[in-house]
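Undergrad: sequence below, structure please.
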Amino acid sequence: MGALILFVVAAYWPMWAALWEYWLQPYVGGQGVLVAALSAWLIFRKRAELDATPTAPAAWALPFLFACGAATLLFAHAGIPTLYFILLPALVLITVLAALGPPAARVLLVPVAFLYFGIPVWSILSAPLQNLTLDATRVLAPLFGLPATVHGTFVTFPNGATFEVTPLCSGLGFLVQGLATATILGELEQAPLGRRVALLGSVAVVAILANWARVMILMEVGYTTGMRHVLVTQDHVLFGEVLFVLILLAFVFAATRIGRPEPALSSSMPHPAAPAEWKKCLAAMLALLAAPLASHLAAAGTPDTVISAQWNWPAARGDWRGPLPVGADDDLTPGHGKHAQSRAVYESTAGVGVQALAIEFLPTEGQTFVSEGSALLGASLTAGPAQVVVAGAQSYNETVVTDPSGHRAVIWSGYNVDGRSIAQPRLSQLWLGVRSLVTKPRSMLFALRANCDLSSCAAARDLLASFVRIMGPELTSSNTVGAKDTA
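TA: Sure thing, here's the model as predicted:
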């Protein structure tokens with residue numbers, strides 16, 4: 001079993017390595033290394049049960065194994081780590097299912113699924129828990145005699161004390177750590193399903209209530225001391241951690257004494273099952289390797305992707321002139337990966353300009369031109385809500401941005417993957433992932449920017465719409481010169 005799991009890790013090593021790097025990031029992956037160690041320990045504890053488990057390879061699981069591997073590769077090439085992280089434990093379980101059969105997969109279900117406590121999928125609960133904490137503050141503050149007023153995410157008091165309930169105050173960490181503890185407890189007890197569900201449900205309630213208690217205590221201390229107590233100014237994070245550890249210890253103490261099932265007595269030791277034969281696992285191992293091998297062979301016959309040193313911006317048409325040279329603008333920054341960029345300015349006869357930016361990327365596996373953590377906008381710009389607009393028979397992703405001085409601008413951006421223009425970033429990522437399975441695609445990002453006037457951004461939108469209609473699709477599919485191979 002250990003060799004089979006190591007084989008899964010080796011077959012998809014770049015994805016597992018990316019997960020390991022995520023776990024090593026401070027304040028981000030956090031508990032991931034501990035989760036991985038606990039998962040390995042839980043698997044090791046199953047060795048006697050695995051010895052007694054009959055093996056019966058499940059051929060019907062092979063298509064699912066291939067599909068899971070292909071999806072993992074697609075999301076990796078698309079640069080969406082959260083999605084391929086989610087599939088990694090599933091790859092292990094489906095491989096065990098196909099190679100050794102349903103009984104072995106059931107034995108390892110909880111130990112392998114425990115890895116999900118170290119995967120960044122729980123953040124989807126952050127906003128709901130934040131809102132729940134704000135609602136609880138509205139109800140609980142008067143009960144504790146606190147004259148609190150809640151406005152959005154801020155809680156204010158008559159003496160000027162102000163708290164902000166950020167996503168970090170949602171209690172998500174408490175909830176995940178509590179659920180992980182309850183999962184281990186149920187596994188150590190070998191508890192039936194009902195007992196495990198009761199443990200998970202009760203610890204979820206305890207974690208949420210513990211976070212509310214932490215918020216109420218900090219608000220009480222901050223209000224009564226005028227925000228001068230060290231518990232509020234410096235040690236609020238440490239206070240929350242210590243409080244939750246104490247509450248979690250109390251929960252474990254109570255849970256192990258209430259409703260704990262008696263261990264089943266066995267009159268004889270189980271007889272070890274026949275050891276698994278490698279030739280029976282061979283079909284599962286080949287199915288596991290099929291997706292990366294097929295992708296590699298399909299892309300092997302295509303030329304290496306290159307990125308360009310210079311760009312041929314199309315000549316201006318109609319009442320426009322350009323392209324005119326422009327210096328680098330730190331407001332617009334490319335995402336991760338090797339890239340080459342070019343900028344130009346086009347001016348209308350009225351002297352109003354449109355800034356144009358083109359970036360060509362050489363994607364690497366798991367890190368692409370619009371990956372998580374990367375953005376078109378630099379740190380100096382604040383972006384408003386995005387929407388898709390259509391102009392000149394092409395779609396663009398529109399964002400209104402504001403610089404530190406308060407000036408606004410409209411940015412229209414889009415992506416081009418192997419000649420196909422896509423406005424939505426996520427759709428472009430997925431299409432890049434699909435194309436990367438069979439070829440080495442070119443991926444480009446284009447952006448157009450027009451400044452707003454003092455009253456509104458309507459004129460800037462009209463200017464961009466007129467510009468792209470006159471220039472046509474050649475603007476975002478311009479040929480390049482001076483290319484150099486950086487593959």
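Undergrad: check contacts around V33.
TA: Neighbouring residues of V33 by CB atoms under 8 Å, 6 or more residues apart in numbering: 23-24, 118. Heads up, the C-betas are built off the backbone N, CA and C, glycines and all.
Undergrad: after the longest helix along the chain, which helix or strand is next?
TA: Using DSSP state H, we find that the single longest helix of the chain is helix 193-224. Next in sequence after helix 193-224, counting helices and strands by DSSP states H and E, comes helix 230-233.
Undergrad: lowest-confidence entry in the contacts of V33?
TA: Lowest pLDDT within the contacts of V33 is found at L24 (86).
Undergrad: among the contacts of V33, name the ones in strands.
TA: Judged by DSSP state E, strands contain none of those.
Undergrad: over to the residue nearest the centre of the chain. Which of the three states is it?
TA: Most central in the chain under CA atoms, centre = their mean is T82, positioned 3.7 Å from the mean C-alpha point. What DSSP: H, G, I helix; E, B strand; the rest coil gives for T82 is helix.
Undergrad: wait, it sits on P120?
TA: Yes. T82 lies in contact with P120 (CB atoms under 8 Å); the separation is 5.4 Å.
Undergrad: residues in contact with stretch 53-60?
TA: 97-104, 107, 273-274, 276, 280-281, 283-284.
Undergrad: look up the closest residue to L199, ignoring the ones flanking it.
TA: A182 (4.1 Å; CB to CB, 6 or more residues apart in numbering).
Undergrad: now that neighbour: how far from V252?
TA: 9 Å (CB to CB, to the nearest Å).
Undergrad: the more surrounded of these two?
TA: Higher neighbour count among A182 and V252: A182, with 25 against 16, using other CB atoms under 10 Å.
Undergrad: is it fair to say the more buried one lies in a helix?
TA: Yes. Per three-state DSSP, A182 lies within a helix segment.
Undergrad: give the contact list for it.
TA: 196, 199-200, 202-203, 255.
Undergrad: adding neighbour count, pLDDT and distance to R343, write those residues out as CSV.
TA: Putting the contacts of A182 into CSV (neighbours: other CB atoms under 10 Å; pLDDT from 0 to 100; distance: CB to CB, whole Å) gives the following:
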residue, neighbour count, pLDDT, distance to R343
R196, 18, 93, 58
L199, 24, 94, 58
L200, 16, 95, 53
S202, 17, 95, 58
V203, 26, 95, 54
A255, 21, 91, 61
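Undergrad: what helix or strand is Q130 on?
TA: Here Q130 is assigned to helix 126-143, by DSSP H and E.
Undergrad: who wins for most neighbours among the contacts of stretch 53-60?
TA: Ranking these using other CB under 10 Å puts A99 first, with 29 neighbours.
Undergrad: residues near the closest residue to L430 other than its chain neighbours, how many?
TA: The spatially closest residue to L430, leaving aside those adjacent along the chain, is A78, at 5.5 Å (CB to CB, 6+ apart). With neighbours defined by other CB under 10 Å, the count for A78 comes to 26.
Undergrad: and what of R469?
TA: 13.
Undergrad: in the helix or strand where it lies, what counts as buried?
TA: Here R469 sits within helix 458-471, counting by DSSP H and E. For helix 458-471, the neighbour count (16 or more other CB atoms under 10 Å) marks 460-461, 463-468, 470-471 as buried.
Undergrad: likewise stretch 197-217?
TA: 198-200, 202-203, 206-208, 210-212, 214-217.
Undergrad: cool, stretch 169-177 as well?
TA: For stretch 169-177, by 16+ other CB under 10 Å, it's 169-177.
Undergrad: lowest-confidence one in these?
TA: Scoring the buried residues of stretch 169-177 by pLDDT puts C169 last, at 84.
Undergrad: can you verify my assumption that that one contacts L134?
TA: No. At 9.3 Å, C169 does not count as touching L134 under the criterion of CB under 8 Å.
Undergrad: how is the protein divided into domains?
TA: When the chain is parsed with automatic domain parsing, its domains come out as 2-126+170-261+272-291, 307-484.
Undergrad: now those as a markdown table including distance to T149?
TA: Converted to a markdown table, these look like this (distance: least, CB to CB, whole Å):
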| stretch | distance to T149 |
| --- | --- |
| domain 2-126+170-261+272-291 | 12 |
| domain 307-484 | 26 |
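Undergrad: OK, contacts around G384?
TA: 399-402.
Undergrad: so which strand or helix has it?
TA: strand 382-391.
Undergrad: just the helices in the stretch 51-200 of the chain please.
TA: Here the stretch 51-200 of the chain has its helices, by DSSP state H, counting those that start in this stretch, at 62-78, 81-100, 102-113, 126-143, 172-189, 193-224.
Undergrad: got a list of what S455 touches?
TA: So S455 contacts nothing (CB under 8 Å, 6+ apart).
Undergrad: could you count how many residues lie near L108?
TA: Neighbours of L108 (other CB under 10 Å): 23.
Undergrad: for it, which non-adjacent residue is closest in space?
TA: V96 (5.7 Å).
Undergrad: from A11, how far out is the one you found?
TA: 14 Å.
Undergrad: these two: which has the busier surroundings?
TA: V96 (27 against 19).
Undergrad: what sits against the more buried one?
TA: Going by CB under 8 Å, 6+ apart, the list of residues near V96 reads 1, 4-5, 104-105, 108, 112.
Undergrad: all helices of the stretch 351-487 of the chain, in order?
TA: 425-436, 458-471.
Undergrad: ranking those helices by mean pLDDT, which is last?
TA: helix 425-436 (a mean of 70).
Undergrad: before we move on, back to that, out of the contacts of V96, which one has the lowest pLDDT?
TA: M1 (85).
Undergrad: apart from its neighbours in sequence, what residue is nearest that one?
TA: L50 (5.8 Å).
Undergrad: quick revisit: need the helices of the stretch 351-487 of the chain in TSV (columns: distance to S126).
TA: Listed next are the helices of the stretch 351-487 of the chain as TSV, based on distance: least, CB to CB, whole Å:
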stretch	distance to S126
helix 425-436	19
helix 458-471	33
